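>>> Need coordinates for the following:
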Amino acid sequence: MSRCTLAQLRDIVPLRPLTRQEALSVAERQALKLLEISGTTGGPVHERIIAELPRVHVERMSPWPVSGATHWVNGRWIIVLNGAEPLVRQRFSLAHELKHIVDHPFVDTLYRGIPEADRHDFIERTCDYFAGCLLMPRPWLKRAWTGGTQHLPTLAQQFHVSLAAITTRLNQTGIIAPQPRCSRPPRDWAIRAIRQAGDNALYHRELSPLASA
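So this is what the prediction gives:
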């Protein structure tokens with residue numbers, strides 16, 4: 001019988017302080033390993049690859065003050081999701097919380113090299129990055145894009161993620177280049193953005209750029 005999934009994901013991590021780039025690289029390798037172990041070869045990724053892990057239990061509560069939280073209770077991990085939020089956000093939050101579980105035994109070692117003032121935010125960003133890699137794996141995203149699916153709402157629907165999440169992941173993978181913040185937009189930028197997105201969703205400011213619906 002193979003070793004448990006969490007142990008296999010933890011085996012990927014070198015037990016020493018990681019640089020920022022190393023932490024993100026490890027997160028992506030762990031996401032791909034989970035897909036491999038679960039036999040998942042195409043999207044959208046089903047939440048059961050997390051919910052059915054041994055000693056992991058997923059609950060949804062509403063109202064709930066945060067998108068997701070994880071607790072160790074009576075010998076198992078309890079992941080609580082905000083059931084009032086859109087399903088795409090719940091899926092992202094679930095993957096985000098799994099990364100916290102994977103990192104838990106070594107978190108003080110792995111992120112010790114990150115300045116203390118930045119550490120919490122960087123850990124959260126790393127968990128977001130893991131979630132993006134799991135729900136929108138780089139190879140699948142490139143295959144879809146080069147195969148002709150370049151309409152962002154269609155692509156988001158294919159992976160069952162938010163428009164903000166798919167846009168951020170396309171930027172992370174280099175499939176599309178982010179617009180420089182200081183550059184001057186073309187005169188018809190608004191019209192072009194609306195045509196690309198199919199609606200005005202690009203202009204809605206989300207609480208979390210990668211996770212929001």
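
>>> any idea how far residue 91 is from the spatially most central residue of the chain?
Residue closest to the average C-alpha location in the chain (C-alpha atoms, centre = their mean): residue 131, at 1.9 Å. Distance of residue 131 to residue 91, computed by C-beta to C-beta, to the nearest Å: 8 Å. Where you see a C-beta, it was placed from the backbone N, CA and C, and this is true even at glycine.

>>> so what sits against both of those two?
Common contacts of residue 131 and residue 91 (C-beta atoms under 8 Å, 6 or more residues apart in numbering): none found.

>>> Could you give me the buried positions within the strand or helix carrying residue 128?
If you go by DSSP states H and E, residue 128 is part of helix 116-135. Judged by neighbour count using 16 or more other C-beta atoms under 10 Å, the buried positions of helix 116-135 are 123, 125, 126, 127, 128, 129, 130, 131, 132, 133, 134, 135.

>>> okay if I get the residues you listed as JSON lines plus pLDDT and distance to residue 5?
Below are these laid out as JSON lines (pLDDT from 0 to 100; distance: C-beta to C-beta, whole Å):
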{"residue": "123", "pLDDT": "97", "distance to residue 5": "21"}
{"residue": "125", "pLDDT": "97", "distance to residue 5": "24"}
{"residue": "126", "pLDDT": "98", "distance to residue 5": "19"}
{"residue": "127", "pLDDT": "98", "distance to residue 5": "17"}
{"residue": "128", "pLDDT": "98", "distance to residue 5": "21"}
{"residue": "129", "pLDDT": "98", "distance to residue 5": "19"}
{"residue": "130", "pLDDT": "98", "distance to residue 5": "14"}
{"residue": "131", "pLDDT": "98", "distance to residue 5": "16"}
{"residue": "132", "pLDDT": "98", "distance to residue 5": "20"}
{"residue": "133", "pLDDT": "98", "distance to residue 5": "16"}
{"residue": "134", "pLDDT": "98", "distance to residue 5": "13"}
{"residue": "135", "pLDDT": "98", "distance to residue 5": "17"}
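
>>> buried set for the helix or strand following the helix holding residue 128?
Stepping forward along the backbone from helix 116-135, the first helix or strand reached (DSSP H and E) is helix 138-146. Judged by neighbour count using 16+ other C-beta under 10 Å, the buried positions of helix 138-146 are 138, 140, 141, 144.

>>> ok, the residues you listed vs residue 173, which is closest?
For residue 173, the closest of the buried residues of helix 138-146 turns out to be residue 138, at 5.1 Å, with distances computed as C-beta to C-beta.
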